[in-house]
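Novice: Give me the fold of what follows.
(one chain, ligands or ions: 1)
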Amino acid sequence: MSLDQLRVNRRRFLAGASATLGVLALRGYPVLAAAAAHFTHGVASGDPLADRVILWTRVLPGSGSAERLDVAWEIAMDEAFQQIISSGSTTTDSSRDYTVKVDAAGLAPANQYFYRFSTQGVFSVTGRTRTLPEAGVESIRLAVLSCSNYPQGYFNVYKEVANRPCDAVLHLGDYIYEYAQGGYANPMMLELGRNVQPENEIVSIEDYRMRYGLYRTDVDLQAAHQNHPFICVWDDHEITNNTWQTGAENHNEGEGAFDARRRAAIQAYHEWLPIRGQATIEEGIIYRSFEFGDLATLIMLDTRLVGRDQQLSHDMNIDTLRSRLADEQRSIMGATQESWLVSELQRSAQAGKPWQIVGQQLLMGKLFPPQVSDEELDPLERDAILAGRYGMLRTRGRQGLPLNLDAWDGYPENRSRTLRAFREHANNVVVLAGDTHSSWAFDLHADDNQIVAVEFGTPSVTSPGFENFLVLPEGRLEEATMQASPELKYMKANGRGWVELEVQREKVRATWHFVSTITDRRYELVSGATLETLAGKPAIHIV
Ligand SMILES: [Fe+2]
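Specialist: Numbers count the residues shown, from 1 in each chain. As a prediction, this is how the structure comes out:
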């Protein structure tokens, strides 16, 4: 194990060194060293099925000119490539930013495989991946991640995930952030040189490509991709903040047509992430499902882009807001995806699978603003706090309005229908959410107040969490938020980390892990809560 790790680290160092050269060469700078070709960003795999998996890499011509490259790939049972199971070749060029993606088929279920690419006698690093089980599976383990903002800190969470066993890594979105240099960044990290490229807010296809290219120079992110298959969905920041189907909060004057930006973002996403193409780029459909044998169906949703109506605002007249929230037509996912979800739940339940795991972006549980007394607020800032956003949200919370209208709370009729579908068509549903940067667990209640499912919300890899919403003594924010939100059963505002999800026939268990810091590469792993829900009795239990 340790020797293998040393080899991987050395290869990773070499891959990182050539990344700089490759990126410079592509963008018109002089080539700094002679080589036939450069694998610039390691390897990745994703969207595993029982018999196939997507393999990914990126390779640049050694000359720095825009020539087409033929790239060979092979996948084997062993790291020495003595038992090759499948191989082939493909091409890449500047039209796809020199990324390479193949769907390697003919594999056996529940197997570990090794894969690599080569061109002109130059080899990529070797990646490790895994196919999904087909039958007789007793347990699966998933690492659930979201919100990895490069200039907020080091990707220590990715480093941990890279070195722990799991069947797949689920990334629930905000894999990149769109902001310009200094926007939504930790000043300490900027001092340490964790700056973004390009320096501007990303808008064009070349901008999005360069931003993915920057993130993927990170050795810890490369290691996570190299060691595990990823299953990814986008949230808003892969496009721009608070996106909906036809616009976004952070799409402004001078940034061109939103549709052009949306297409650029979707194209770069498909180029850079190991996701299986299943529809035209124009349609932008990424919702899809995965079968873990007879144990579980994983249903990945797009609640962000494909069919979402524009968010409502707390700034609206309260009667108008109430009537808009009650509008049955308003959707977070679009009618086509909603009927697809129902058919996926039915199909999985009728096949006798005990668990339907729904991986998606936004909190589905009902979350209300914490009601903190005036005396608890910082006396020096009390007046400003009460006159500002918290004061307004606190008042609206007392009037029964939820905290975050960008989440499912802003689309309550769509949520009611979804919860009814869970009860009527599924066996046992566990919802997974990202987006918030903090840790949560909810009992999900239908309109008649019965619990029909549970939800686990994963914290961020680096992005700042709910502890910044209101600065209070340790534990008080959690207490006040849980008092205001009866369906919320667990919350931890601070702590960057991830959720390890273990699915077994009779229960699903979620274990939180945190890193002690993201502003230093030296950190410690900190254990968090372990919660579970039982088949046939949906409810959060603390273990
Ligand atoms: Fe985020």
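Novice: contacts and neighbour counts: CA atoms only from here.
Specialist: Noted.
Novice: and stretch 506-526, which residues are buried?
Specialist: 507-519 (16 or more other Cα atoms under 10 Å).
Novice: now do stretch 325-343
Specialist: 325, 330-334, 337-338, 341-342.
Novice: Kindly report the same for stretch 238-251.
Specialist: Buried, per 16+ other Cα under 10 Å, within stretch 238-251: 238-245, 247-248, 250-251.
Novice: Strands - which of those residues land there?
Specialist: Secondary structure assignment by DSSP state E places 243-244, 247-248 of these in strands.
Novice: returning to that earlier point: adding distance to Glu474 and pLDDT, write the buried residues of stretch 238-251 out as JSON lines.
Specialist: Converted to JSON lines, the buried residues of stretch 238-251 look like this (distance: Cα to Cα, whole Å; pLDDT from 0 to 100):
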{"residue": "Glu238", "distance to Glu474": "33", "pLDDT": "98"}
{"residue": "Ile239", "distance to Glu474": "35", "pLDDT": "98"}
{"residue": "Thr240", "distance to Glu474": "33", "pLDDT": "97"}
{"residue": "Asn241", "distance to Glu474": "30", "pLDDT": "97"}
{"residue": "Asn242", "distance to Glu474": "30", "pLDDT": "97"}
{"residue": "Thr243", "distance to Glu474": "33", "pLDDT": "97"}
{"residue": "Trp244", "distance to Glu474": "35", "pLDDT": "97"}
{"residue": "Gln245", "distance to Glu474": "39", "pLDDT": "96"}
{"residue": "Gly247", "distance to Glu474": "38", "pLDDT": "97"}
{"residue": "Ala248", "distance to Glu474": "35", "pLDDT": "97"}
{"residue": "Asn250", "distance to Glu474": "33", "pLDDT": "97"}
{"residue": "His251", "distance to Glu474": "37", "pLDDT": "97"}
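Novice: Nearest to the ion among the residues you listed?
Specialist: Ranking the buried residues of stretch 238-251 by separation from the ion, with Cα to the ion as the measure, puts Asn241 on top at 8.9 Å.
Novice: Ramachandran angles for the closest one?
Specialist: For Asn241, the backbone dihedrals are phi -50, psi 140 (criterion: degrees, to the nearest 10).
Novice: Pull up the gap between it and Met300, please.
Specialist: Computed with Cα to Cα, to the nearest Å, the distance linking Asn241 and Met300 is 21 Å.
Novice: circling back to that earlier point, would you turn the ones in strands among the buried residues of stretch 238-251 into JSON lines with distance to Asp319?
Specialist: Rendered in JSON lines, the data for those read as follows (distance: Cα to Cα, whole Å):
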{"residue": "Thr243", "distance to Asp319": "25"}
{"residue": "Trp244", "distance to Asp319": "23"}
{"residue": "Gly247", "distance to Asp319": "25"}
{"residue": "Ala248", "distance to Asp319": "24"}
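Novice: Tell me how many other residues surround the closest residue to the ion within the stretch 301-450 of the chain.
Specialist: Of all residues in the stretch 301-450 of the chain, Asp435 sits closest to the ion, with a separation of 4.7 Å (Cα to the ion). For Asp435, the neighbour count with other Cα atoms under 10 Å is 25.
Novice: That one belongs to a helix, doesn't it?
Specialist: No. Applying DSSP: H, G, I helix; E, B strand; the rest coil, one finds Asp435 to be coil, outside a helix.
Novice: Contacts only, for it.
Specialist: When contacts are counted by Cα atoms under 8 Å, 6 or more residues apart in numbering, Asp435 touches 146-147, 172-174, 235, 361-363, 460.
Novice: among those, which are in reach of the ion?
Specialist: The subset of the contacts of Asp435 within reach of the ion, counting by Cα under 5 Å from the ion, consists of Cys147.
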